[in-house]
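[1] After the sequence you'll find the predicted model.
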Amino acid sequence: MSKRWTEEELDFLNDTAGLLNYKEIGKKLGRSAISVKRKRYLAKLPKFNENIYSIGLVAKELGRSKSGLKYYYHLGLLKGRKATWSNGFLNPPVILLEEDIIKFLKLKYYIFDPSKIPNLYFKNIIKEAYNNLPSSNGRT
């Protein structure tokens with residue numbers, strides 16, 4: 001008889017969607033990769049967490065080139081990591097968490113033109129960063 005899944009295990013399974021492969025999740029939960037994959041399917045959990053993005057998707061959402069964002073990733077200004085499920089890829093995809101994208105946008109807001117950003121959510125973050133600039137009219 002199989003071991004029942006706890007709420008904590010299901011939360012962990014949902015939170016690590018797209019960040020860890022089935023084998024890694026199974027190892028952390030003391031379950032097989034097949035058990036993890038089956039549970040994700042039966043529970044209709046997403047394959048990817050809604051708060052993670054690929055560099056390609058972020059580039060599209062910000063109206064920038066993929067190579068431009070990879071440059072900031074390699075400099076360490078845009079935090080992310082290579083997808084663990086991409087073993088064997090010549091150029092493994094880089095996974096970015098939403099919170100790291102927001103930190104980057106607030107840090108480098110001046111390299112973006114809000115009028116060229118199709119994603120309203122990211123556009124508003126950049127506009128807010130521009131609005132929070134200290135005024136240059138001499139008043140404090």
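    Structure's in. What do you need?
[2] Tell me where this protein is predicted with low confidence.
    Judged against pLDDT under 70, the low-scoring parts of the chain cover residues 1, 18, 46-50, 84-91, 135-140.
[3] so what are the domain limits for it?
    7-42, 52-131 (automatic domain parsing).
[4] got those as CSV, with mean neighbour count columns?
    The C-beta positions use only the backbone N, C-alpha and C, and glycine is treated the same way. As requested, these are exported to CSV (neighbours: other C-beta atoms under 10 Å):
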stretch, mean neighbour count
domain 7-42, 16
domain 52-131, 15
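[5] Need the distance between the two termini of stretch 101-112.
    Using C-alpha to C-alpha, to the nearest Å, the end-to-end distance of stretch 101-112 comes to 13 Å.
[6] now for the single longest helix found in the chain, which elements pack on it?
    Ranked by number of residues, the top helix in the chain under DSSP state H is helix 120-131. Packing contacts for helix 120-131, counted by 3 or more C-beta pairs under 8 Å, 6 or more residues apart in numbering; DSSP states H and E, involve helix 98-107.
[7] what's the offset of the helix it packs on from the middle of its chain?
    10 Å (C-alpha atoms, centre = their mean, to the nearest Å).
[8] Quick one: residues in contact with it.
    For helix 98-107, the external contacting residues (C-beta atoms under 8 Å, 6 or more residues apart in numbering) are 51-53, 58, 62, 72, 77-80, 112, 122, 125-126, 129.
[9] Cross those against helices and list the overlap.
    Restricting those to those inside helices, with DSSP H as the criterion, leaves 58, 62, 72, 122, 125-126, 129.
[10] can you list the residues you listed in CSV and add distance to F12?
    As requested, the ones in helices among the contacts of helix 98-107 are exported to CSV (distance: C-beta to C-beta, whole Å):
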residue, distance to F12
V58, 25
L62, 30
Y72, 30
F122, 28
I125, 29
I126, 33
A129, 33
